[in-house]
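Novice: Sharing a model prediction with you, sequence too.
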Amino acid sequence: MKKKNSLAMGLLLILSFSFSNPVYSQTKNKIYFSEFGGTVLMDYFSSKLVPLTGDYDFGYDANYNPIKSPGSGYIKFSSFNFISLNYTARVNIYEINKDRSFSIDVPITAGFGVGFKNALVISRDSLSSSTNYNYKEIKSAEGTSIFNLSVPVFISFNMGMGSTYDNDSDKGLTVGVGFDCAHPLLFIEGKESFEKNFNSVKKSNFYFIPALSLGYRHWNGDKPLELNLKLGYTPSASNEALDYATTSVSKSGFSMRLSFNKILNF
């Protein structure tokens, strides 16, 4: 699972940079666009509760044989960035006319703030020495990150300014549908507890939720600008393991970022 998610993230980054390489040769190819921008205190991501399954490790018996039992639970990641910088690579995949187009947009965002990852796994069977046979062991871990990465991908409809290079409108709109993908870059604490308690549990550090992108483009003097709002939401599945989540932990996924961008090559 981890290798597959790492491969997916790598492919997204390669795709994004492949879009951006030709942006300065627009006289040869006019389908590539790029933007740069950022935001302050308006970048939030919270994944849904992602179910976990794996062997719950109870340690060793008297003969030093590992004692394991099937377990299930959840993992969740949330982040709030104080400052975020984003670079958007975009390619028009179909231009209806000079005023309308469809594109693929990849707004890569690096944020500085706080991220929280927590996980919980519950044993399905009681193998402990507890007098209560139905007692279920619980393992949990928490981690904190300070740098966080977001790589959403959208298929967008563009209208008016910025839809194509030949458009001469003063204003424009863009609407995109796709998914948001978040990844904690640097953990400052909690890494050891995850490695100790969850080394046999399948888990990932990439978190996906469906998302929507809304953008308003306009000219400010001779500068082409875009105000962009990204919203994401997804509900969590309900099962026995997720019911152990406390009421303070949101089961659903939600993301929001309001960014102020400049179109670089328009």
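Specialist: Arrived safely. Residues are numbered from 1 along each chain as shown.

Novice: Paired strands for the longest strand seen in the chain, with orientation please.
Specialist: In the chain, assigned by DSSP state E, the strand with the most residues is strand 66-97. Strand 66-97 sits in its sheet next to strand 32-46 (antiparallel), strand 50-60 (antiparallel), strand 100-123 (antiparallel), going by DSSP bridges.

Novice: Mind putting the ones you listed into TSV with mean pLDDT, mean neighbour count and distance to residue 188?
Specialist: C-betas here are computed from N, CA, C, even on glycine. Below are the strands paired with strand 66-97 laid out as TSV (pLDDT from 0 to 100; neighbours: other Cβ atoms under 10 Å; distance: least, Cβ to Cβ, whole Å):
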stretch	mean pLDDT	mean neighbour count	distance to residue 188
strand 32-46	95	20	18
strand 50-60	73	17	22
strand 100-123	90	21	9
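
Novice: can you list the ones you listed in a markdown table and add distance to residue 224?
Specialist: Shown next, in a markdown table, are the strands paired with strand 66-97 (distance: least, Cβ to Cβ, whole Å):
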| stretch | distance to residue 224 |
| --- | --- |
| strand 32-46 | 9 |
| strand 50-60 | 39 |
| strand 100-123 | 15 |
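
Novice: Tell me which of these sits nearest to residue 227.
Specialist: strand 32-46 (9.2 Å; Cβ to Cβ).

Novice: Kindly export the closest one (C-alpha atoms) in PDB.
Specialist: The C-alpha coordinates for strand 32-46 follow below in PDB (Å, rounded to 0.1, in the frame of the first residue of the first chain):
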ATOM      1  CA  TYR A  32       0.400  25.400 -21.100                       C
ATOM      2  CA  PHE A  33      -0.300  27.800 -18.200                       C
ATOM      3  CA  SER A  34       1.300  28.300 -14.800                       C
ATOM      4  CA  GLU A  35       0.400  30.300 -11.600                       C
ATOM      5  CA  PHE A  36       2.200  31.200  -8.400                       C
ATOM      6  CA  GLY A  37       0.500  32.400  -5.200                       C
ATOM      7  CA  GLY A  38      -0.100  31.800  -1.600                       C
ATOM      8  CA  THR A  39      -2.300  32.300   1.400                       C
ATOM      9  CA  VAL A  40      -2.000  33.100   5.100                       C
ATOM     10  CA  LEU A  41      -4.200  31.300   7.800                       C
ATOM     11  CA  MET A  42      -6.600  30.000   5.200                       C
ATOM     12  CA  ASP A  43      -5.400  26.500   4.400                       C
ATOM     13  CA  TYR A  44      -6.900  23.600   6.300                       C
ATOM     14  CA  PHE A  45      -7.100  19.800   5.600                       C
ATOM     15  CA  SER A  46      -8.600  17.000   7.600                       C
END
